[in-house]
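> sequence and computational prediction follow.
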Number of protein chains: 2
Amino acid sequence: MRRIAHAGPVSPTMRAMTETSHTASASARTAPTEAAHDAWFDRLAARAQAGPSELSAVLAMASAGGDLVDFSGGFPDPGLYDTQLLGETAAKAIESRPEVALQYAPNYGLASLREVLRAEVSRTQAVVPGPDDLIVTSGGVDALTLICKAMLNPGDAVLVEAPSYLGAFSVFRSHDGVCVSMENDAHGLIPASIETAYAQARAQGAEPKVVYVIPDFQNPSGLRLDRERRREVVEISRRLGLLVLEDVAYRDLAFDGSYVDSLYELGPDVTVQVGTFSKTFTPGTRMGWAAGPATVIDAMAQAKTNTDQCAGALGQTILEAHITEGHYAASLPVLRSAYAARCQGLMDALDGALSSSAAWTVPAGGFFTWVDVPGVDTKALAALAIEEGVAFVPGAPFFADGRATSQLRMSFSRTPVSRMAEGAARLARAIERVR
Amino acid sequence: MRRIAHAGPVSPTMRAMTETSHTASASARTAPTEAAHDAWFDRLAARAQAGPSELSAVLAMASAGGDLVDFSGGFPDPGLYDTQLLGETAAKAIESRPEVALQYAPNYGLASLREVLRAEVSRTQAVVPGPDDLIVTSGGVDALTLICKAMLNPGDAVLVEAPSYLGAFSVFRSHDGVCVSMENDAHGLIPASIETAYAQARAQGAEPKVVYVIPDFQNPSGLRLDRERRREVVEISRRLGLLVLEDVAYRDLAFDGSYVDSLYELGPDVTVQVGTFSKTFTPGTRMGWAAGPATVIDAMAQAKTNTDQCAGALGQTILEAHITEGHYAASLPVLRSAYAARCQGLMDALDGALSSSAAWTVPAGGFFTWVDVPGVDTKALAALAIEEGVAFVPGAPFFADGRATSQLRMSFSRTPVSRMAEGAARLARAIERVR
C-alpha cells in the first residue's frame, strides 16, 4: 500500500482542501472527506447547495426507531408479499432467460414486458396505448425525471396541486423547473385553478409546460378526484397546450376495487400517465411505466439512455412473469383488504383520540389520510410528536409555495392496527403540548 | 368501454392534434400517437428535439441480425455467468431478507452493501473511502447523472478525452452541460491538454467543473493510462480546482489481473471514482457505485432521491451476497481469461485481414480495440460493412467536437473467436469497396 504525497503548485482556493487532505492520508488511509467539504461545496451546482429536503430531516427523526409508532413514510408492507413465490419467480427468470434477464435491456424496456403492460393499462381503462406509446421506467420517480428531460427547458413551469407529492417537486426543481401551485379543496384539484396558475407562471416569465395531477387517493390528501373534474382538467389543459402528467401510483388500491376514468383515458392526446409497481408489487425491483403520446414517450426513451441507460432487465423479467402468471391480479384483493383494514384502524383511532382537536380525510383507497389541526404549526408539532413517540410528515413541504400549514400527512400502510390507538393518543398529547 | 368526445374551445396551435385525435379514437380505441407527434414535438425541451443519437442509428442497423458478425455494443457475455448460482442467490436474498430486498432502499444504498463496497474499493487501491464517501448507484450512467445534478449549472463545462465514451457526452449534455475536448495520443490522455481545454472552456464563457477520464482499457481506445500521466492529471486538476471524474468500468478486467494506481487513489481529495458491475457481474440488476469527497457524494445522494429515489434493493442484496460469499472474486479470473481469448482472436483476425489497410490498438484488458483506417470516413464505411455482414461503431460520435475521423471501435466481448476471421474478412471487403 502506497502513501501519496501531493506535489506541485496549489491555488489559494484549493489550499485548505489539499492541506487537510495531507493530514488525513497521513493518519489512516481514509479519504479526506470532512476536509474537502467546504472547498467542494462552493463548486457544487446551485441546486445542490440547497441541502437536504425538510422531508429528509423528518424521515431521519422517524428512523430513530425504538418504540416509535411510525405514520411517516409512504411504504408498502413487504409482509403482504408471498416471498417464496417471488423467490421462485426470480430464480426462474434468471435460469430460463439469462440472456435477457442478465443483459442490458432496450431503452424502451423489454418488448415482451411492454406488450404485457399495454394490456395491463387497458385492463381498467378504455384506451389501448399504441406500440410506441409505452416505456418501462425504473419506478415512478424515474418516470418523472424522464418527463423533465423530455419537456422542460431551464425555468419552464410545472403546475402542481396544493398539496401534492413533495418528491415530485424535488424532481421538477432538480431539472431547473419552476413549480407553480394550483388550488385544491375538499374534493381535490379545482380545475379552474389550472388557468390561474397558468397565468401566474406566464406573469413570472416561466413557460407553463406540464400539469401534474394525482387523481387517485392522492399523496398526501388521500382524495379521489371525481369524473367531472377529471374531464375539466383534460379539457382546460388541452385548450392551453399543457401536457397532463397523471400519476396513478395508487389507482389499483381502491379498497372496493373500483376505478374512475383516468385522465389518460379521457385525454390520451394530451396525457402522459405514469405508474409504479412500488406500491402494489415491490419497490425492490424499481419498476414503473409511462404511457402517452408517442412523441413524448420517444423523447423520454432517448432521455432514458442518458439517465440510467435502461430499467433493470432482471426486475423486468420478474415483473413480466408475476403479471402473466396471474400473481399480480391475484394479489390486488389481498393488498386492498389489508390496507383497508389499516385505514379503518386509523380512522377509529383518530375518532377516539382527536375528534375534538382535528379533522381528517376518509380515504377510499391508497396509503394516506390528511389531517388538519387548526391553529397548530405542524412542523413544530412534528418535533414534539417524536418526543411522544409518534411520527408523521408535516404539511408544509407538500405545498410548492412553502406556505405554513396546520395540516399533516399520516400513512397507515405499514402500521399494525393494534398500534394505532396508541399512536393517536401520543399525537393527541403532542397537540396538547404544542397548544 | 366509453368513447370520449372532446368539447370546449380549441386553440389554433392545438387544433391539428385534437382533430386527428378524434379520428383515432373513433377507429380502434388506440391512443392517437402519430397524430400527436407534430404538435407535441414543438413543446419538447430543446435538448429533446435533437432526436436520437448517431449511436442509436448504428445499433439499430446492427440489431437487424441475421448472419451479422457484431462488434458494435459494449456488452458483457451472460454466457459466462453461473446462472444457477445467481438464481439461487436471488431466491435466497428475497426469502431471507424480504423486508430489505423488497422495500425502498436508503438513497445512499443499503448500509451493509456500502460497507462491502468500501472494502471492495480498498481491495485494489491504497485508499479506504470514509463512511460518508460512497454511494450505491443504479449502474455507471446513473452515477454520471448524479454527478451532473450535483456539479453542473446549465452551461458549465466538462472536459472530456478525445475520444471518449459517447454515452457520457449524452449524459452531460442532457443536463445542459458543455463538453470540451482535451487531447489524446497513442498512450491515452495528454495531461497538459487539461489546461488547454480549461482555457478554451473559459474563453467560450463556460465554467469548467469536471474532468472526465477513463484510465483503464478506455472506451473506445482500449488504452490504459500510465501511472505518471495519472499523477499529472490529478495534480493539474487539483491546481485548477477541477473535480476528476474517474470511470473505472473496466478496471477489474486487465487480462493479467494487474492494476495501475487509480486517480482516486492518487487524489482522493479531488476525485470521484465511479464504477459499475455491468461488465463484471450483470447489467440486469443496474448496480454501480461512486466514491469521493463526502460533500460531492452527499450532493449526489440528495440528487438520487429526485432521480430514481434509490438503487433497487433486490439487486443490492443479490450483489452483496455475490461479493461476500466470494463469488465475485472467484468470477474475475474466468471473465479475464474469456475476454483475453476473444481479444487475441480479434487481434489474429485483424492481422490476417487488415494488416495492409489499417492499424489498431492492442488492449491489455477490457472490451475494445480502436482501429484506424487511413483515408476512410468510417461513418460511410459502417453502412457498407452492414451490407457485408459486419458491425462496428464509427469513431465520430466518440469525439465531443464531432470531427470526422478514420477511426472506429470494435468490441470483442460477445463475439465467438470462431467468427472473428470471417468478421475481419468482411470488414476488409467493405474497406476495399469504400476506397
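Thanks, I have the structure now. Quick caveat, the model's predicted, so the values are computed rather than measured.

> any weak-confidence spans in chain A?
A:1-38, A:51-65 (pLDDT under 70).

> what about the longest helix in it?
helix A:327-354 (DSSP state H).

> all strands of the stretch 51-200 of chain A, in order?
A:69-70, A:134-137, A:157-160, A:178-181, A:184-185, A:188-189 (DSSP state E, counting those that start in this stretch).

> any idea which residue sits dead centre in chain A?
Taking Cα atoms, centre = their mean, the centroid of chain A lies closest to A:Gly167, which sits 5.2 Å from it.

> residues in contact with that residue?
A:Leu55, A:Val141, B:Thr305, B:Asn306, B:Gln309 (Cβ atoms under 8 Å, 6 or more residues apart in numbering or on different chains). From N, CA and C alone the C-beta is placed, and that goes for glycine too.

> could you measure from it over to A:Val393?
11 Å (Cβ to Cβ, to the nearest Å).

> same check, this time on A:Ala157
Counting by Cβ to Cβ, the gap from A:Ala157 to A:Val393 is 25 Å.

> ok so, going back, list the buried ones in the longest helix of chain A?
Within helix A:327-354, the residues that count as buried by 16 or more other Cβ atoms under 10 Å in any protein chain shown are A:327-328, A:331, A:335-336, A:338-340, A:342-343, A:345-347, A:349-350, A:353-354.

> which SSE is immediately downstream of that helix?
strand A:359-360 (DSSP states H and E).

> that next one pairs with which strands?
strand A:368-372 (antiparallel) (DSSP bridges).

> what does the strand it pairs with rub up against?
A:74, A:163, A:217-223, A:343, A:346-347, A:350, A:354, A:358-363, A:392, A:395, A:406-412.

> can you say which of these are buried?
A:74, A:163, A:217-223, A:343, A:346-347, A:350, A:354, A:358, A:360-361, A:363, A:392, A:395, A:406-412.

> just the ones of those in helices?
Per DSSP H, the subset of these in helices is A:Cys343, A:Leu346, A:Met347, A:Leu350, A:Leu354.

> which residues in the stretch 151-300 of chain A form helices?
Under the criterion DSSP state H, counting those that start in this stretch, the stretch 151-300 of chain A contains helices at A:166-174, A:193-203, A:227-240, A:263-266, A:294-305.

> redo those as JSON lines? Include distance to B:Leu113.
Shown next, in JSON lines, are those (distance: least, Cβ to Cβ, whole Å):
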{"stretch": "helix A:166-174", "distance to B:Leu113": "23"}
{"stretch": "helix A:193-203", "distance to B:Leu113": "42"}
{"stretch": "helix A:227-240", "distance to B:Leu113": "42"}
{"stretch": "helix A:263-266", "distance to B:Leu113": "37"}
{"stretch": "helix A:294-305", "distance to B:Leu113": "25"}
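
> those: which one's closest to A:Met151?
Evaluated with Cβ to Cβ, the helices of the stretch 151-300 of chain A place helix A:294-305 nearest to A:Met151, the distance being 7.2 Å.

> following the closest one, which helix or strand comes up?
helix A:313-324.

> does that next one reach chain B?
Yes: interface with chain B: helix A:313-324 contributes A:Ala313, A:Leu314, A:Gly315 (Cβ under 8 Å from any Cβ of the partner chain).

> okay, now the domains of chain A?
Listed by automatic domain parsing, the domain ranges of chain A are A:54-81+A:331-434, A:100-328.

> any chance of the ones you listed in TSV, with distance to B:Ala421 too?
Below are those laid out as TSV (distance: least, Cβ to Cβ, whole Å):
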stretch	distance to B:Ala421
domain A:54-81+A:331-434	51
domain A:100-328	26
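
> quick one, which of those domains is nearest to B:Ser237?
domain A:100-328 (24.1 Å).

> pull the number of nearby residues for A:Leu166.
21 (other Cβ atoms under 10 Å in any protein chain shown).

> same thing with A:Ala380?
For A:Ala380, the count of nearby residues is 12 (other Cβ under 10 Å).

> likewise A:Val121?
When neighbours are counted by other Cβ under 10 Å, A:Val121 comes out with 23.
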